[in-house]
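Asks: next come a sequence and a model predicted from it.
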Amino acid sequence: MKLTFLGGAGEYGRSCFLLELENKKILIDCGVMKNGATRAEQYPLLTSDLASDISAVFLTHAHKDHSAALPYLSHLGFKGNVYATPSTITQTKYYLGVWRKTQLKHNGTCPYTIEDERNLAFKVIDERLALRWIETEIPGLTYQFGKSGHVVGAIWYFFQFKGEKIFFSGDFSLESYLLEYDQPKVVGGVDVAVMDGAYGVENVHQNEYSQKLIHAVNQSIDQDTSVILPLPPFGRAQDMFLILEKVMKRDQISVIVDQPILHAAKEYLLAKSWLKKEIYLRYKQVIEWLEGRALAQDKCRLFIAFFSESKLLADDWWLEREEPIQIIYTGPKNIKLVDKVNESRKPSIMISTTRYKVHPAVYEIEHVIEAIRPNKIWLTHSNLASSQPLADLLHKSTGRNVSVPKLTTSLKV
């Protein structure tokens, strides 16, 4: 097997990894760089010749930085199947539509058509087969998958071909309040592991982040300042409802929930096997409470709002308010949204960041490394300034060969 990094190497976004198996090729993920300034920066390093040679794509999850370049791949000539869990397929179709509309609105053009999007052939990965070796359409290639704890439907992969094994962690977290994580189990050596290094050398436990977030939201409310949390519809938003449950139920506070986020929250209830058993009932009760309480924004004076970035970019109601608003990011900031706030020149709208962990801390990466014991580790999903110190730290703590790839880096497994 030969591995080439077409995106996601030394950068946060457009994850796309090419795996060559003698005369066959597959991709693991095919995402976009959401904050890319040009088309060349937004999309993976794909060509028509390469796209037409790809036999299949395996998605780890649906977020745009892992899936939204699929229609572009189709436009370039890809005709194969896209393998993913049922939840990931549903979410991916939603995100593809959001990305296309965003491109047309802000750039006036899109490098593919809606037909390229519709031509994608999704093939379901049976969730009941987790932690088992599964044969593929490619002779000799088998794979194994398990829950990665990042979002409902998100998975990690092992691929095995002629005795060689490679592991793709996908985006993962062992400390989601809501989601299960399947411990990878493999017999025999693992040659290469491609791992999520999004947070660099951060080594903070989830509970500490959660307490900081609760404090930040409470502090804003105490200062008569409303709070907006920009969130992806599927992902950390659902955890936020649990973490901020007590804050949402404070007197005199209204709760606003963007419809795509509320819809996703209800979809989670249908994916019971992905949620922690001990938390499911509480989550169900919180969502039922939200359905009865969530209000339209024009009825609220002091509020906590859960909104998708695309909704905040499309609407101006929050910019037109006179009352102060604190926008609290729990993940990477959207440059377009930050620019929109800056251009408004309204000192009453403030932006801050309080992390909620949906990627691994150092101790979580070490835990997975100890479980699979790979010969070689490549860190992705982070810029060089963050990932190189992490590589040095992991080499010291695990004694293993840890490196940071560059775009187009190729290696034999």
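Replies: On my side now, so go ahead.

Asks: from now on I want contacts and neighbour counts done on CA atoms only, so please keep to that.
Replies: Noted.

Asks: now the strands for the stretch 301-413 of the chain?
Replies: 303-307, 325-329, 349-353, 374-380, 401-403, 410-412 (DSSP state E, counting those that start in this stretch).

Asks: same question, the stretch 101-250 of the chain
Replies: Going by DSSP E, counting those that start in this stretch, the stretch 101-250 of the chain shows strands at 121-124, 134-135, 141-147, 155-161, 164-168, 190-196, 226-230.

Asks: okay if I get the strands of the stretch 301-413 of the chain as TSV plus mean pLDDT and mean neighbour count?
Replies: Below are the strands of the stretch 301-413 of the chain laid out as TSV (pLDDT from 0 to 100; neighbours: other CA atoms under 10 Å):
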stretch	mean pLDDT	mean neighbour count
strand 303-307	93	23
strand 325-329	97	21
strand 349-353	96	16
strand 374-380	97	22
strand 401-403	97	20
strand 410-412	92	13
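
Asks: what about this structure, any weak spots by pLDDT?
Replies: For the chain, the stretches with pLDDT under 70 are 294-299.

Asks: from the centroid of it, which residue is nearest?
Replies: Geometric centre of the chain, nearest residue: His63, 4.6 Å, by CA atoms, centre = their mean.

Asks: return the backbone torsion pair for that residue.
Replies: Backbone torsions of His63, given as degrees, to the nearest 10, read phi -50, psi 150.

Asks: show me the beta-bridge partners of Leu275.
Replies: Leu179 (DSSP bridges).

Asks: correct me if wrong: it contacts Glu180.
Replies: Yes - in this structure, Leu275 is within contact of Glu180 by CA atoms under 8 Å, at 5.6 Å.

Asks: contact partners for the residue nearest to the centre of the chain?
Replies: Counting by CA atoms under 8 Å, 6 or more residues apart in numbering, His63 makes contact with Gly31, Gln91, Thr92, Tyr95.

Asks: for Arg100, give its distance to Asp222.
Replies: Counting by CA to CA, to the nearest Å, the separation of Arg100 from Asp222 is 40 Å.

Asks: same deal with Tyr199?
Replies: Tyr199 is 31 Å from Asp222, by CA to CA.

Asks: looking at the two now, which is surrounded by more residues?
Replies: Tyr199 (19 against 10; other CA atoms under 10 Å).

Asks: before we move on, back to that, of the strands of the stretch 301-413 of the chain, which approaches Val338 most closely?
Replies: Closest approach to Val338 among the strands of the stretch 301-413 of the chain (CA to CA): strand 349-353, 7.9 Å.

Asks: show me what the closest one is packed up against.
Replies: Contacts defined by 3 or more CA pairs under 8 Å, 6 or more residues apart in numbering; DSSP states H and E place strand 349-353 against strand 325-329.

Asks: give me the contact list for the strand it packs on.
Replies: Contacts for strand 325-329 (CA under 8 Å, 6+ apart): 220, 225-231, 348-355.

Asks: now, which of the contacts of His63 sits nearest Phe172?
Replies: For the contacts of His63, the nearest to Phe172 is Gly31 (16.4 Å; CA to CA).

Asks: domains for this protein, by residue range?
Replies: Domains of the chain are assigned by automatic domain parsing as 2-202+358-412, 206-353.

Asks: out of those domains, which is the most enclosed?
Replies: domain 2-202+358-412 (a mean of 20; mean count of other CA atoms under 10 Å).

Asks: centre of the chain versus that domain, how much separation?
Replies: 10 Å (CA atoms, centre = their mean, to the nearest Å).

Asks: and what of stretch 1-20?
Replies: Worked out by CA atoms, centre = their mean, stretch 1-20 lies 16 Å from the chain centre.

Asks: I'd say Pro184 and Arg373 touch.
Replies: No - with contact defined as CA under 8 Å, Pro184 does not reach Arg373; the gap is 10.7 Å.

Asks: picking that back up, and the residue nearest to the centre of the chain, how far from Tyr363?
Replies: 24 Å.

Asks: how about Arg236?
Replies: From Arg236 to Tyr363 the distance is 20 Å (CA to CA).

Asks: got it, and Gln326?
Replies: Distance from Gln326 to Tyr363, by CA to CA: 32 Å.

Asks: what of Glu135?
Replies: 33 Å.

Asks: for Thr408, same thing?
Replies: Look at Thr408 and Tyr363: by CA to CA, they are 29 Å apart.

Asks: next one: Leu275
Replies: 22 Å.

Asks: surely Thr353 meets Pro230?
Replies: No - contact status for Thr353 versus Pro230: not in contact, 10.6 Å apart, counting by CA under 8 Å.

Asks: shared neighbours, those two?
Replies: By CA under 8 Å, 6+ apart, Thr353 and Pro230 have these common neighbours: Ile328, Tyr329, Thr330.

Asks: which one of those residues is nearest to Leu59?
Replies: Thr330 (24.1 Å).

Asks: identify the residue nearest that closest one in space, chain neighbours excluded?
Replies: Arg355 (4.5 Å; CA to CA, 6 or more residues apart in numbering).

Asks: surely that neighbour is in contact with Gly331?
Replies: Yes - using CA under 8 Å, Arg355 makes contact with Gly331 at a distance of 6.0 Å.

Asks: surely Ile279 meets Leu179?
Replies: No - counting by CA under 8 Å, Ile279 does not reach Leu179; the two are 9.1 Å apart.
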